[in-house]
Every structure is written in structure tokens, then in C-alpha cells.
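**Q** Got a predicted structure here, sequence first:
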Amino acid sequence: MKFTSILYVIACLSCFILSAQVEEQKLDQLIENTLKTFEVPGISVGVIKDGKVVYAKGHGVRALSNNKPMDDNTLVGVASNSKGFTCFALAMLVDQGKLSWDDKVRQHIPEFKLKDAWVTEQFTVRDLVTHRSGMGLGAGDLMFFPEADFKVEDVISNVGYLDAESSFRSQFAYNNNMFIIAGEVLKRVSGLSWEEFIETKIMKPVGMLNSKASYNRVSDKSNIIEAHTFADGKLKQIPHDWSPTANPAGGIVSNVNDMLTWAEFLMNDAVTKNGERLLSEAQFYELWQLQTPLKVGKNDSYNSNFKGYGLGWFVTDVKGGYKQVYHTGGLLGTVTQFTMIPDLDLAIVVLTNQMNGSAFTTITNTIKDSYLGYKNRNWLEKLGKSNAGWYKYNDSIKTAVFNQVSKMKNNNVIPKASTITGTYKDAWFGDIVLSKNGNDLVIESQKSATLKGKLLPYNATTFVVKWNNRSYDADCFMQFVFNEKGQAVSATLKPIAPITDFSFDFEDLKLIKQD
């Protein structure tokens, strides 16, 4: 990856620090240089302090294809920042007496079933939204990431095939599919679809009038981003990719102004500008209580004492014991961050159209530091260097792998195509077909149409899957198990580089050859 003029950018900001109030010109400069350092086409940023919007502005462009300016009304998929809405909606049903956080999931979804029978019976609505299922990070995400042909009923059925990696409720492991199931609980209890509930019961009364609960519900796309990412070292615009099945986990589309309205509402104890209370004090308090603990690093940047996940929100303490409530979100080609420090009546929103989290961290941390009283810690320099090093490290891994591929061409230890071609079935992901296309060995998922690629030889038992869609940055090893006749009987997949998004959960697949 190329990082343009990083040293120049850092030099420009060597004296940057915000005062106790946002200095617009300095924040403008920080954002502009963040765009350059991390090669992000567009970023919109909002800050609310003491009930007043002190900054709301877009920088850069919505899309490389049109160069139209990003502004505070530009719509962006906020991704997992949707999870807070899902939990708020469930809390409303708790207030109405229609639901309890500790209801067993099977009370509302009788067909819900996990591998372990005891866990199945004990699994609660609270467990659905606190990332403590026992399954591994991103388990089952291939059912919607990238966009795939799975419905909610498929998700409910297929989680029963996913293995646990830890005991129930013992560890945090981020899980999107449980939020999809939580959305189905909301639907069955309320009688409204998740999208209808979010828009009519939350967004409308709160005043989020330009937001929608799903990309496919946005009728006016005249001011919306396009997604961007690096593909083989070059920044490219990529098609929108999101499955509506996963809306309760990450479907909301919003902008800086509406997200600031959401923040103001939350920091006003769930009371709208019109004075309407949407959630009882007790249930609102419950949302931000620690449910699943996480470790705090020894040299934590904000002197935090605790960290964990509440109900749809991460919670921690920052300098001096101020409680911070926050979340991030990521889709293919965009990442976002939403941060509140209610004790300071401070909220920061950063929305981007390129999938590099260092950009939003640079902006959020710099603004946050100014209000917490930290001296200039130059997050742009720090994260710019670490980001460049991260990409260099991953590129070195990829280079080594593909150098090995080049060496193995025509090597007689490589299995013949006839020994591995055919249909492979995974219990929850369905069929993957390996076939010959001219001189190429190709791989194609039958349920996820864009997961197509070539198989390249690596060693006597392993090939490298090079996906046709280079924006995925998710090439992987495919290792085969052979029988005594030299015929493949099964296969597993594993990403070749750590930069691969965890939602490409190839390692959860157990592919059994069918023919």
C-alpha cells in the first residue's frame, strides 16, 4: 500500500491540539490530513458538547467515481453501530412487559437450537446480545458477509452446526448472527419487522428523519457514499455489499447530523427533544451495564480500569473514571465510530467510506484527548506509522505465499485436478464446487455468489484460493485430506494473512467431498 506524504502530513500537525472547545480550523486540518495519511476518500465528523453541536462537517468526496463532496448530510452505513438500536428496541419491549432480558430464546423461537442441548435450553435474550455464546469470533458470518443467499430462518437453523470454542458465558467473542436472531425475537414479540420497529418507534420520535434501517429502504441515494478499499495495493471503489438478513446486526444507514441527534437523545436519558421518554430510567440504565468483561491492557492509553460489553454497547472508563459508551462498525469498504462520554456531555461521530479504522481512531482520540486534558499525543503520527507497518507486514506474508505458488507451477508433487475436483458440502454453508475451466482450477460457492476464485498450487496437500474479487483481501489456504487412493475426501480453509476481516470465517467450514 502507498501512503502519500505521511511525513509531510505529520509535520503539519506537530503542534496540533484542541482546546477545551473544538477549534474548527484545527479540526478541519486534522481531518484533511487524516484523509491523506490513510488514503480515505471521504470522512464526516460530528461533535456534540453540553447539548450543542459544536462541529458537523464532511471532508473529501463521497465516491471516487463522482468526486461529489462529503458533507454532514451524506448517508453512510453505520454497520455495527446498529446494535445499540436493536438493544434499545428490545428494552422497549421489556418496559411494555412483553419480554424479559432473561427469557429463554426458545420461549420466542422454539426452533432455536445449538450443538449443546443444555446451552440451547439456557440461552437467553441477554445472551444473544452480549457476545458470550461460546462460539468463536465471527462464527457463521459467511452467511451474510459478503452478501449471500441466506434468510433469517437459515441463520436460526445453521447456528446449530457451529462449534463452540469456549464454554458458555465464559469469554467474549464477537457474534453477529446472535443479533440477527435477536432481531427475529423483536419481530415475533412486537409484530413488526425489525426495520419497521426501528424506523417508527425509535428513529421517527428521536428525530432521525434522514436515516433508514436498511440500505434497500433508502429511496433517495443522491447524497450517499460509495464504498472503497485497497485491492492489490490500489485504492478502488467497490460495489455496495450488505445482506438485509443481517440488518439487526449492522443495517442502519445514517449521517452525522442524525447520529448526533441520536447521541443527544441518549445523553438526555432517552428523552426526545419534545420531552417524550422512550425508555424507562431502569431499562436505559441497564443498557450500559457491564455484561461481558474484557481485559484492559497494562499500558492502556486512557488509564482505564475496566472494559466490557453491555447490551449493544462497549463500555469502559477513561481518564479520571469517566464512563465511556461506544461502538464501531465495519462493512466492506466503510468503517464508522460512535463515542459518548455522558459525564462530560460529549459525543463524537466519525463516518468514513474506506475500511481503515486508524482514520476514525485518529480523529476520535484527538478530539477526546482535548476534552480529557491530555497533552498532544499526536495520534496521526502514531497510527500512521503503525498502519504503514501493519500493511507492510501483511504484504510480506502475501508475497512469500505467492512466491511459493510460482515455484510450485508444474511441480510433480501437486495433486492432479481429477483428485480434488467435485462438490464439497459444509453443514451450514452449503456446497462449494471445484472444477476445471480451461487450464484453471476454479472454486465457487453455491450460496455466496461472489465467492469465486482460482486454486493455485502451494504444496503436496494445499492450494491457495485467490478470490476473483480482489477487494476482499481474503485469499486463503485450502488444505485437502486424501484417502488411500489419493482422492480428496475433505478440505479446510484458512486465511493466508491476518489482515483478513474476521467475518470471512473460512476456518469454521468443514468441507466434505460429495462425489
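**A** Cool, got the structure.

**Q** how about the top helix by length along the chain: buried residues?
**A** If you go by DSSP state H, the chain has its longest helix at helix 379-408. Residues of helix 379-408 classed as buried: 379-384, 387-388, 390-391, 394, 398, 401-402, 405, 408 (neighbour count, 16 or more other CB atoms under 10 Å). Bear in mind the C-beta positions are built from the backbone N, C-alpha and C, glycine included.

**Q** Of all residues in the protein, which one is nearest the centre?
**A** Gly330 (3.3 Å; CA atoms, centre = their mean).

**Q** if I look at that residue, how far off is Asn175?
**A** 15 Å (CB to CB, to the nearest Å).

**Q** Kindly report the same for Glu286.
**A** In this view, Glu286 and Asn175 are 20 Å apart by CB to CB.

**Q** still on that earlier bit, what helix or strand is the residue nearest to the centre of the chain on?
**A** For Gly330, the element it lies in under DSSP states H and E is strand 322-331.

**Q** Which strands and helices lie in contact with that strand?
**A** strand 314-318, strand 334-341, helix 357-372 (3 or more CB pairs under 8 Å, 6 or more residues apart in numbering; DSSP states H and E).

**Q** Could you rerun that using 7 Å?
**A** For strand 322-331, the elements it packs on are strand 314-318, strand 334-341, judged by 3 or more CB pairs under 7 Å, 6 or more residues apart in numbering; DSSP states H and E.

**Q** Out of those strands, which gets nearest to Lys212?
**A** Proximity to Lys212 (CB to CB) singles out strand 334-341 among the helices and strands packed on strand 322-331, at 15.2 Å.

**Q** Output the contacting helices and strands for that closest one.
**A** Counting by 3+ CB pairs under 7 Å, 6+ apart, strand 334-341 packs on strand 76-77, helix 256-267, strand 322-331, strand 346-352, helix 357-372.

**Q** ok, Glu286 and Asn175, which is more surrounded?
**A** Higher neighbour count among Glu286 and Asn175: Asn175, with 27 against 18, using other CB atoms under 10 Å.

**Q** in terms of contact, does that one touch Arg132 like I think?
**A** No - assessed by CB atoms under 7 Å, Asn175 is found out of contact with Arg132, at 8.6 Å.

**Q** From one end of stretch 164-181 to the other, what's the distance?
**A** 17 Å (CA to CA, to the nearest Å).

**Q** Can you give me the buried ones in it?
**A** In terms of neighbour count (16+ other CB under 10 Å), stretch 164-181 has its buried residues at 164, 168-169, 171-181.

**Q** Going by contacts, tell me the helices and strands next to the host helix or strand of Ile156.
**A** Per DSSP H and E: Ile156 is located in helix 152-158. Judged by 3+ CB pairs under 7 Å, 6+ apart, helix 152-158 is in contact with helix 177-190.

**Q** other SSEs contacting the helix it packs on?
**A** helix 83-95, helix 105-108, helix 125-128, helix 152-158, helix 194-197, helix 247-250.

**Q** taking those helices together, which one is wrapped up most tightly?
**A** Greatest average neighbour count among the helices and strands packed on helix 177-190 goes to helix 247-250 (a mean of 28), per mean count of other CB atoms under 10 Å.

**Q** tell me the mean pLDDT for it?
**A** Helix 247-250 carries an average pLDDT of 98.

**Q** what comes into contact with it?
**A** 79-80, 82-83, 86, 176, 179-180, 182-183, 194-195, 213-214, 329, 331 (CB atoms under 7 Å, 6 or more residues apart in numbering).

**Q** what's downstream of that helix, the next helix or strand?
**A** Following helix 247-250 in sequence order, the next helix or strand is strand 253-254 (DSSP H and E).

**Q** Tell me which residues are up against that next one.
**A** Here strand 253-254 makes contact (CB under 7 Å, 6+ apart) with Leu75, Val76, Gly77, Val78, Met208, Ser211, Lys212, Tyr215, Val218.

**Q** Got a ChimeraX select line for the buried ones in these?
**A** Buried subset of the contacts of strand 253-254, written as a ChimeraX selection, criterion 16+ other CB under 10 Å:
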select :75,76,77,78,208,211,212,215
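
**Q** Need the max-distance pair from the contacts of strand 253-254.
**A** With distances taken as CB to CB, the most widely separated pair in the contacts of strand 253-254 is Met208 and Tyr215, at 15.6 Å.

**Q** Please verify my assumption that Glu184 contacts Ile109.
**A** Yes - if you go by CB under 7 Å, Glu184 and Ile109 touch, sitting 6.2 Å apart.

**Q** joint contacts of these two?
**A** Joint contacts of Glu184 and Ile109 (CB under 7 Å, 6+ apart) are Ile156.

**Q** State the distance from Asn410 to Thr37.
**A** Distance, Asn410 to Thr37, by CB to CB: 44 Å.

**Q** Between these two, which has more neighbouring residues?
**A** Thr37 (27 against 6).

**Q** which element is that one on?
**A** Judged by DSSP H and E, Thr37 forms part of helix 24-38.

**Q** Would you list the strands that the next helix or strand after that helix pairs with, along with their directions?
**A** Next helix or strand after helix 24-38 toward the C-terminus (DSSP H and E): strand 42-49. Using DSSP bridges, strand 42-49 pairs in its sheet with strand 52-60 (antiparallel), strand 346-352 (antiparallel).

**Q** so how many other residues sit close to Glu147?
**A** 18.

**Q** pretty sure it belongs to a strand, no?
**A** No - counting by DSSP: H, G, I helix; E, B strand; the rest coil, Glu147 is not found in a strand; it is coil.
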